[in-house]
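> coords below, sequence missing:
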């Protein structure tokens with residue numbers, strides 16, 4: 001087994017089982033994704049394409065509080081003035097965006113929200129422990145949930161994803177509800193999500209790699225047309241619907257008011 005600290009990532013590869021475990025490692029920031037992590041994730045996925053010792057991947061977050069809380073609010077991403085163009089760094093963070101077709105199993109404990117759905121949406125399935133909670137705060141901050149909504153609409157019933165992305169900070173989908181609707185495929189005791197995900201990934205890594213990767217590619221292809229159409233609209237919707245940055249910051253500053261309902 002080899003370990004490779006990569007800045008904001010901790011990567012462990014077990015060459016006997018063929019399973020790599022990738023840990024988002026910014027626990028002090030609830031594993032929020034900054035521009036450094038974007039670059040490191042992209043490099044990591046692309047390296048895995050050429051590493052035949054890696055046949056399946058488990059993706060998780062450091063600590064017990066969060067899988068990831070999405071884009072780091074301190075990340076500065078300049079935007080063009082045209083509504084036809086948007087720079088979204090999270091479009092590059094997932095394995096599929098980087099042409100990796102080895103299976104990825106997400107292991108979730110604690111919060112998974114907002115931009116975390118770029119990663120969950122490009123994982124084959126999700127294992128979670130009972131502390132997991134899923135929500136999308138965009139609307140509460142005067143922002144359009146566009147790409148996240150498109151990805152989650154292919155993982156959840158329409159009414160469930162609509163409620164999650166529209167209710168914003170007011171409520172969170174608990175682990176049990178996420179399991180009931182199929183967003184989570186297996187629910188385990190606190191602290192056991194990575195163990196359960198590795199168990200599944202080890203099975204996948206033991207099968208003929210070409211057959212597994214071809215199946216992953218076929219599954220992704222099944223939803224490509226819908227994603228492409230949804231994402232084509234996303235830049236315009238974001239440009240039209242987002243409040244100015246100063247107003248978003250004001251709303252974000254009041255984020256601690258009231259406790260969200262867990263359902």
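Yep, that arrived. All of these numbers come straight from a predicted model, not from anything done at the bench. Residues are numbered from 1 along each chain as shown.
> the helix or strand in which residue 23 is found - which strands sit beside it in the sheet, and in what orientation?
Using DSSP states H and E, residue 23 falls within strand 19-24. Applying DSSP bridges, strand 19-24 is found paired with strand 9-14 (antiparallel), strand 56-61 (parallel).
> who's in contact with residue 142?
Contacts for residue 142 (Cβ atoms under 8 Å, 6 or more residues apart in numbering) come out as 242-243, 247-248, 251. Where you see a C-beta, it was placed from the backbone N, CA and C, and this is true even at glycine.
> centre of the chain versus the strand holding residue 23, how much separation?
Averaging C-alpha positions (Cα atoms, centre = their mean, to the nearest Å) puts strand 19-24 14 Å from its chain's average.
> any idea of the mean pLDDT in it?
Taken as a whole, strand 19-24 carries a mean pLDDT of 98.
> immediately after it, which helix or strand?
Strand 19-24 is succeeded, C-terminally, by helix 35-49 (DSSP H and E).
> now do that next one: which elements does it pack against?
With contacts defined as 3 or more Cβ pairs under 8 Å, 6 or more residues apart in numbering; DSSP states H and E, the packing partners of helix 35-49 are strand 2-6, strand 9-14, strand 19-24.
> so for it, what gets flagged as buried?
Buried residues in helix 35-49, defined by neighbour count with 16 or more other Cβ atoms under 10 Å: 37-38, 40-42, 44-45, 47-48.
> could you export those as JSON lines, including pLDDT and distance to residue 103?
Shown next, in JSON lines, are these (pLDDT from 0 to 100; distance: Cβ to Cβ, whole Å):
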{"residue": "37", "pLDDT": "96", "distance to residue 103": "22"}
{"residue": "38", "pLDDT": "96", "distance to residue 103": "22"}
{"residue": "40", "pLDDT": "97", "distance to residue 103": "21"}
{"residue": "41", "pLDDT": "97", "distance to residue 103": "17"}
{"residue": "42", "pLDDT": "97", "distance to residue 103": "19"}
{"residue": "44", "pLDDT": "97", "distance to residue 103": "15"}
{"residue": "45", "pLDDT": "98", "distance to residue 103": "13"}
{"residue": "47", "pLDDT": "97", "distance to residue 103": "17"}
{"residue": "48", "pLDDT": "98", "distance to residue 103": "11"}
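> quick check: of the contacts of residue 142, which lies closest to residue 167?
residue 251 (15.1 Å; Cβ to Cβ).
> what about the nearest residue to that closest one once chain neighbours are set aside, how many neighbours?
Closest residue in space to residue 251, ignoring its immediate chain neighbours: residue 141 at 4.7 Å, by Cβ to Cβ, 6 or more residues apart in numbering. Residue 141 is flanked by 21 other residues according to other Cβ atoms under 10 Å.
> residue 6: which of the contacts of residue 142 is nearest?
Proximity of those to residue 6 was ranked by Cβ to Cβ; the top entry is residue 248 with 30.9 Å.
> hang on, the earlier thing: and the angle from the strand holding residue 23 to helix 35-49?
Orientation note: strand 19-24 sits at an angle of 170 degrees relative to helix 35-49 (axes from the mean of the first three to the mean of the last three Cα atoms, to 10 degrees).
> what residues does strand 19-24 touch?
Outside strand 19-24, the residues that touch it by Cβ under 8 Å, 6+ apart are 8-14, 31, 33, 37, 44, 48, 54-62, 67-68, 194, 198, 201-202, 205.
> same question, stretch 201-219
Under the criterion Cβ under 8 Å, 6+ apart, residues 17-19, 52, 55-58, 101-103, 105, 124 lie in contact with stretch 201-219.
> of these, buried ones?
Among these, the ones that count as buried by 16+ other Cβ under 10 Å are 17-19, 55-58, 101-103, 105, 124.
> can you put the buried residues of helix 35-49 in JSON lines and add distance to residue 181?
Compiled in JSON lines, the buried residues of helix 35-49 are given as follows (distance: Cβ to Cβ, whole Å):
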{"residue": "37", "distance to residue 181": "29"}
{"residue": "38", "distance to residue 181": "29"}
{"residue": "40", "distance to residue 181": "32"}
{"residue": "41", "distance to residue 181": "27"}
{"residue": "42", "distance to residue 181": "30"}
{"residue": "44", "distance to residue 181": "30"}
{"residue": "45", "distance to residue 181": "28"}
{"residue": "47", "distance to residue 181": "34"}
{"residue": "48", "distance to residue 181": "30"}
